[in-house]
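Engineer: here is my input; please provide its structure:
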Amino acid sequence: MGTPASYAGTSISVDAGLAFGPGGVLFAGNYDDMLLEFKPGSTSPDLIVNLSDYGYPSNCCGTLQFVPPGLPGAGDLKVPSFSDGGWYDVTLSPDGSGTYSVTGVTGPVGTSTPYLMGVFYVPPGSPQFSSPSMLAEEYYGGGTSAYTVDSDGNPNSSGALFISGGDLYGAAFDPLTGDMFFTNIGLEGVYEVQGFSSGTLTATGGNLQTAMIKTAFASPLTVLLSDPYGTPISGVTVTFAAPASGASATLSSTSVVTGADGTASVTAKAKATAGSYTVTATLYGLSASFSLSNVALASLTLSPASVVGGKPTTANTVTLTSAAPASGATITLTSTDPAVAAVPASVTVGGGSTVSPFTITTTAVATEARVTIKASDGTNTKSEALTVKPAALTSVKLSPGSVVGGKSTTNNSVTLNGPAPTGGAVVDLSSSDPTVASVPVSVTVAAGATTSPVFTIATAAVATDTSETISATYNGVMKTANLTVNAPAVASLRLSPATVVGGRSTTRNTVTLNGPAPTGGAAVTLTSGDSAVADPPPTVTVPAGATSATFTITTTAVTSSTVVPITATLGGVSKMANLTVNP
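Structural biologist: Just a heads-up that it's a prediction; the model follows:
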């Protein structure tokens, strides 16, 4: 606060009253009742005020003191009368030139304490002082007494003896330790009383931070140095220290002088070793600590570790040693073959998180490829291998799954478990009996596609139902499906004409199959509901490759109109039609 080093002249006759006040001004009192003010850096008074002009008793000034912050009457200037012990409040007002005008003197107030030469307000929280208190130093043999103070910072009733002995002259305190100092004229000594609340060194910014290794922490490490009353202390050197080994940080300075606001700050940059540690700020017996963490890349995980080319993997992760800084942590990603397996340039782990997923995009390959994926925090690199496999055959689909021999199926296809590579995937086809069901030699799945164009299976007519196996093969993987080739069955029976005069024959009756007849033809069984009236042949043969045949029905004369059902049967299927025979 700019304490002057020396003062010019002896005529000012400063007595025991000496205290720093607002604006860093040093206030002094003398036994002529003069209040002297020294601005910071001055060696002679910048303002002298005669307190007796404002009602202060003549020739009575012995000591003075400002009530510290945190106590009743904080900021008031107290000037006790040496002679009668009365307490007086001196009201100050800034005069615009850095000093303070006296606008009034009020008193006497409080308990009379004669012959005072020093006043010491006890720091709040000091042991044995449960209430706001002061120590009053008496010149003539009374020693130093402890008083509780009223709501204005003046002593209450009678005090309790704190230090015995007289000739005491002046009191001061150490703003860091809170220790009280007083002098004794007779013994010409300086005495110290310890045990009061000390000053504080408090971490006010930068605690509980994380940073990626070899990067700066976002906020400076800041401490506030305050005296026991909470007033900031400037001009004092604070030492900062980080661990010498292991997880640590590089500090911008190891010693910093507190500023006018009582603060001292350093910046910190994380070193290359990950982990948590403490940076300590110290000043004599005071200390403050900062918990910091250096964060690094801990691991890279690929999930799954193998994939069919052309498909992405989305459960890949990078993991940090601890939670990322608030701004996040950027991890660089690379691939040894981005044409096969591509990764984003980087992935950011969000602030407070330890894990972040990322996607790997792959392309279809003809043969298996092994690609190395790397993640780096700039110092540490983690590598994992990704196996990119060619697509494999998963199924062969026949549609329909059964067909009448002699007909073709045209909606058959094969499917892969991933996109076909450049140039397409040629899938070989075969049949267990090509004479019954024939397939093309191969079908090609187009590049990038997973399903082939449809292919045709041609079948031959058969006499009995037959199951044929259709096989598809690609890259050593075979898939099969069964196609049932059915024998033909009767599809319809048509009588022409459907009405005849008894005794005459019908010759354009037709039986039709649902497919071509096999080699040797298909013998269709014919029956009549009344063969005495209408008699078809026992069978009619549909020639090989044909789907229909005609037959004759012979009738006899009747006396009344008669309806005779005619039935055709083949392959377990029957069809019926009625023939009306009239007289």
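
Engineer: contacts, neighbours, all on C-alpha from now
Structural biologist: Fine.

Engineer: and Gly118, which helix or strand is it part of?
Structural biologist: For Gly118, the host element (DSSP states H and E) is strand 116-121.

Engineer: and what of Ser430?
Structural biologist: According to DSSP H and E, Ser430 maps onto strand 425-431.

Engineer: how about that strand as CSV, C-alpha atoms only?
Structural biologist: Extracted C-alpha coordinates of strand 425-431, given in CSV (Å, rounded to 0.1, in the frame of the first residue of the first chain):
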residue,chain,number,x,y,z
ALA,A,425,-19.6,-60.8,-57.9
VAL,A,426,-19.9,-63.8,-60.3
VAL,A,427,-21.9,-66.5,-58.5
ASP,A,428,-21.8,-70.0,-60.0
LEU,A,429,-25.1,-71.9,-60.4
SER,A,430,-25.7,-75.7,-60.7
SER,A,431,-28.6,-78.2,-60.6
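
Engineer: what's the neighbour count on Ala487?
Structural biologist: Residues lying near Ala487 (other Cα atoms under 10 Å) number 25.

Engineer: could you verify my assumption that it touches Gly405?
Structural biologist: Yes - judged on Cα atoms under 8 Å, Ala487 makes contact with Gly405 at a distance of 6.1 Å.

Engineer: check which residues of the strand holding Gly118 are buried.
Structural biologist: 116-121 (16 or more other Cα atoms under 10 Å).

Engineer: just want the phi and psi numbers for Thr106.
Structural biologist: phi -120, psi 130 (degrees, to the nearest 10).

Engineer: and it, how far is that from Asp89?
Structural biologist: Counting by Cα to Cα, to the nearest Å, the gap from Thr106 to Asp89 is 5 Å.

Engineer: how about Pro312?
Structural biologist: According to Cα to Cα, Pro312 and Asp89 sit 82 Å apart.

Engineer: same check, this time on Ala425
Structural biologist: Ala425 is 102 Å from Asp89, by Cα to Cα.

Engineer: next: Ser151.
Structural biologist: 13 Å.

Engineer: between the two, which one's more packed in?
Structural biologist: Asp89 (23 against 12).

Engineer: pretty sure that one contacts Leu77?
Structural biologist: Yes - the pair Asp89 and Leu77 qualifies as a contact (Cα under 8 Å) at a distance of 5.8 Å.

Engineer: in a helix, Ser467, correct?
Structural biologist: No - Ser467 sits outside any helix when classified using DSSP: H, G, I helix; E, B strand; the rest coil, being strand.

Engineer: now do the same for it: its pLDDT.
Structural biologist: In this prediction, Ser467 carries a pLDDT score of 97.

Engineer: quick check: closest non-adjacent residue to it.
Structural biologist: In space, and not counting its chain neighbours, Ser467 is closest to Thr484: 4.3 Å by Cα to Cα, 6 or more residues apart in numbering.

Engineer: within the helices and strands, which one has the one you found?
Structural biologist: Going by DSSP H and E, Thr484 is in strand 477-486.

Engineer: any idea of the mean pLDDT in the helix or strand following that strand?
Structural biologist: Next along the chain after strand 477-486, taking DSSP H and E as the criterion, comes strand 490-494. Strand 490-494 comes out with an average pLDDT of 97.

Engineer: in CSV, could you pull the C-alpha coordinates for strand 490-494?
Structural biologist: Extracted C-alpha coordinates of strand 490-494, given in CSV (Å, rounded to 0.1, in the frame of the first residue of the first chain):
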residue,chain,number,x,y,z
VAL,A,490,-55.8,-82.5,-65.2
ALA,A,491,-56.5,-78.8,-65.5
SER,A,492,-59.9,-79.1,-67.2
LEU,A,493,-62.4,-81.3,-68.9
ARG,A,494,-64.6,-80.0,-71.8
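
Engineer: can you list the strands that that strand pairs with?
Structural biologist: Paired neighbours of strand 490-494 in the sheet (DSSP bridges): strand 505-513 (antiparallel).

Engineer: neighbouring contacts of the partner strand?
Structural biologist: Residues from elsewhere that reach strand 505-513, judged by Cα atoms under 8 Å, 6 or more residues apart in numbering: 488-497, 500, 547-555, 568.

Engineer: mind giving me the packing neighbours of the helix-or-strand element of the chain with minimal mean pLDDT?
Structural biologist: Within the chain, no helix or strand scores below strand 168-173, which has a mean of 74 by mean pLDDT, DSSP states H and E. Helices and strands touching strand 168-173, by 3 or more Cα pairs under 8 Å, 6 or more residues apart in numbering; DSSP states H and E, are strand 14-20, strand 116-121, strand 133-138, strand 180-184.

Engineer: switch these over to CSV; also include mean pLDDT and distance to Pro232.
Structural biologist: Below are the helices and strands packed on strand 168-173 laid out as CSV (pLDDT from 0 to 100; distance: least, Cα to Cα, whole Å):
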stretch, mean pLDDT, distance to Pro232
strand 14-20, 80, 13
strand 116-121, 86, 17
strand 133-138, 88, 21
strand 180-184, 79, 19
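
Engineer: can you lay out those as TSV showing distance to Gly73?
Structural biologist: What follows is these, written out as TSV (distance: least, Cα to Cα, whole Å):
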stretch	distance to Gly73
strand 14-20	16
strand 116-121	11
strand 133-138	12
strand 180-184	21
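
Engineer: of those strands, which approaches Ser531 most closely?
Structural biologist: Closest approach to Ser531 among the helices and strands packed on strand 168-173 (Cα to Cα): strand 133-138, 138.6 Å.

Engineer: just the CA atoms of that closest one, as CSV, please.
Structural biologist: The C-alpha coordinates for strand 133-138 follow below in CSV (Å, rounded to 0.1, in the frame of the first residue of the first chain):
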residue,chain,number,x,y,z
SER,A,133,-13.5,-7.7,20.7
MET,A,134,-10.6,-5.3,21.0
LEU,A,135,-7.4,-5.1,23.0
ALA,A,136,-6.8,-1.7,24.7
GLU,A,137,-3.2,-0.8,25.7
GLU,A,138,-2.9,1.4,28.7
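
Engineer: for the most far-flung residue of the chain relative to its centre, which non-adjacent residue is closest in space?
Structural biologist: Distance from the C-alpha centroid of the chain peaks at Thr559, with 101.3 Å (Cα atoms, centre = their mean). Distances taken as Cα to Cα, 6+ apart place Pro583 nearest to Thr559, at 5.2 Å, with adjacent residues excluded.

Engineer: quick check on the contacts of strand 505-513: which are buried?
Structural biologist: 488-496, 500, 547-555, 568.

Engineer: on that earlier part again, strand partners (parallel or antiparallel) of the strand holding Ser430?
Structural biologist: Using DSSP bridges, the strands paired with strand 425-431 are strand 442-445 (antiparallel), strand 466-474 (antiparallel).

Engineer: and the following helix or strand past it, which strands flank it?
Structural biologist: Downstream of strand 425-431, the next assigned helix or strand under DSSP H and E is strand 437-438. Looking at strand 437-438 with DSSP bridges, its partner strands are strand 455-459 (antiparallel).

Engineer: give the other helices and strands that the strand holding Gly118 contacts.
Structural biologist: Partner elements for strand 116-121 (3+ Cα pairs under 8 Å, 6+ apart): strand 14-20, strand 133-138, strand 168-173.

Engineer: quick check, Ser83 in a strand?
Structural biologist: No - under three-state DSSP, Ser83 falls outside any strand and is assigned coil.

Engineer: for it, report the pLDDT, please.
Structural biologist: 83.

Engineer: wait, what's in contact with it?
Structural biologist: Residues near Ser83 by Cα under 8 Å, 6+ apart: 60, 114-115.

Engineer: quick one: the residues you listed as JSON lines, columns for distance to Phe455 too.
Structural biologist: Converted to JSON lines, the contacts of Ser83 look like this (distance: Cα to Cα, whole Å):
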{"residue": "Cys60", "distance to Phe455": "122"}
{"residue": "Pro114", "distance to Phe455": "120"}
{"residue": "Tyr115", "distance to Phe455": "121"}
